[in-house]
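[1] predicted model and sequence below, questions to follow.
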Amino acid sequence: MWNGLAHHIPCFAHVINLAVKAFLSNLKIAPLSAEHNWSNSTSVLSKSIQDDESESESEEDEDEEEEEDYNIIENNNLTSALQKCRAVSRAVNFPQGRILAFEGLCRVSDLKSLQPIRDHSIRWSATFNMLQRAVYLRKAIDLWTCSKSQYKKLILNEHEWEMIEFLVHFLHPFQIITTLVQGTSKPSLHDVWVKYEEMFDKLDEVKKAINEMTIRPIWLREVQVAIEKMWEKLGDYYSKTG
C-alpha cells in the first residue's frame, strides 16, 4: 500500500529548477525578472539608437553612430560572461538590420543561420539554451561584437568563453533530466530515485575533478560553493521524498 500523504514526492521538475537556480544565484548570476525589468537593468541601451539597416543612412553616418551604453560589469568572471551573453542575445535579435547582418556572419562562419536565444526568468533551462546556442554561434558572435565600436563592451574574451563552455557542460545533464521528466505526465516512481542519484553523482564528479586540480582559478572556487548550495537544495527535497 502506498500512503500518498506520508510518501509525497515533490514536483521533480520544480525541484531541479530550484536546485539549478540555487547554483546560478550563488554564482552571483542574477535571475531575470520581467522583460521590462531585464531591459532596464542589465544590457539595454540607455537610449534608442538608429536602425542599423536604415536605407537613408550612409556608411559614414553609421560610423558616427553613438556608442551604446551596455551596463556590463567588467570583472572577468562568470557574472560578466553571462551579462555579455545576455546582452548579445538581446541586441542581435532587434532590429531587423541586426538580424540580417548576423545571419550574414553565420554564413561567413559556415554556421546555420540561427539567432541567439534570449534568456528569461520562467525556467533555468532558458539560461542553458542561451549559453548552448552562444557556444555554437561563437564565431559569428565574435565577428559581430568586433564589427562596430559600440559593441566593444560585449566582446567575450577567451577566458569568458571558457567559463560559458564550462556552464554548458555542467548544466547539460540536468537539462537532459528536466526534458525527460517534462516529457511525460506520469513519471514512474523508480525513475525519480534513479534521476536523483544521477544528479548527485554528477555533482560528486565535478567536485572531485575540481579538488584534484593543482591550480584552481578564483571562479572555480566560486563554482565549488555554488555546487554545495545546489547539493543542499537537492538533498533537502530528497529527504522529503521518504
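    Sure, I can see it.
[2] looking at this protein, which helix or strand is least sure?
    Least confident helix or strand, the chain: helix 59-63 with a mean of 38, by mean pLDDT, DSSP states H and E.
[3] send the alpha carbons of the very next helix or strand once past that helix over as CSV?
    Counting by DSSP states H and E, the element after helix 59-63 in chain order, helix or strand, is helix 78-91. What follows is helix 78-91, C-alpha atoms only, in CSV (Å, rounded to 0.1, in the frame of the first residue of the first chain):
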residue,chain,number,x,y,z
LEU,A,78,31.1,34.3,-14.7
THR,A,79,28.9,37.3,-14.0
SER,A,80,30.4,39.4,-16.7
ALA,A,81,30.5,36.5,-19.1
LEU,A,82,26.8,35.8,-18.6
GLN,A,83,25.9,39.6,-18.8
LYS,A,84,27.7,39.8,-22.1
CYS,A,85,26.0,36.7,-23.5
ARG,A,86,22.6,38.0,-22.5
ALA,A,87,23.3,41.4,-24.0
VAL,A,88,24.5,39.9,-27.3
SER,A,89,21.5,37.6,-27.4
ARG,A,90,19.1,40.5,-26.9
ALA,A,91,20.9,43.1,-29.2
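[4] give the other helices and strands that the following helix or strand past helix 78-91 contacts.
    Next along the chain after helix 78-91, taking DSSP H and E as the criterion, comes helix 96-108. When contacts are defined as 3 or more CB pairs under 8 Å, 6 or more residues apart in numbering; DSSP states H and E, helix 96-108 packs onto helix 138-145. Bear in mind the C-beta positions are built from the backbone N, C-alpha and C, glycine included.
[5] could you check the angle the helix it packs on makes with helix 96-108?
    140 degrees (axes from the mean of the first three to the mean of the last three CA atoms, to 10 degrees).
[6] in helix 138-145, what counts as buried?
    A140, I141, D142, L143, W144, T145 (16 or more other CB atoms under 10 Å).
[7] same thing with stretch 193-206?
    K195, Y196, M199, K202, L203, V206.
[8] out of these, which one sits closest to V135?
    V206 (18.2 Å; CB to CB).
[9] how many residues are close by E103?
    For E103, the neighbour count with other CB atoms under 10 Å is 17.
[10] hmm, it is touching S113, no?
    Yes: between E103 and S113 there is a contact under CB atoms under 8 Å: 4.4 Å.
[11] that older thread, which of the buried residues of stretch 193-206 sits closest to R98?
    Nearest to R98 among these is V206, at 36.4 Å by CB to CB.
[12] just the element for that closest one, please.
    Here V206 is assigned to helix 189-211, by DSSP H and E.
[13] what's the helix or strand for R216?
    Using DSSP H and E, no helix or strand contains R216.
[14] need the contact list for it.
    Going by CB atoms under 8 Å, 6 or more residues apart in numbering, R216 touches I210.
[15] now swap in V135 and tell me
    When contacts are counted by CB under 8 Å, 6+ apart, V135 is found next to W161, I164, E165, V168.
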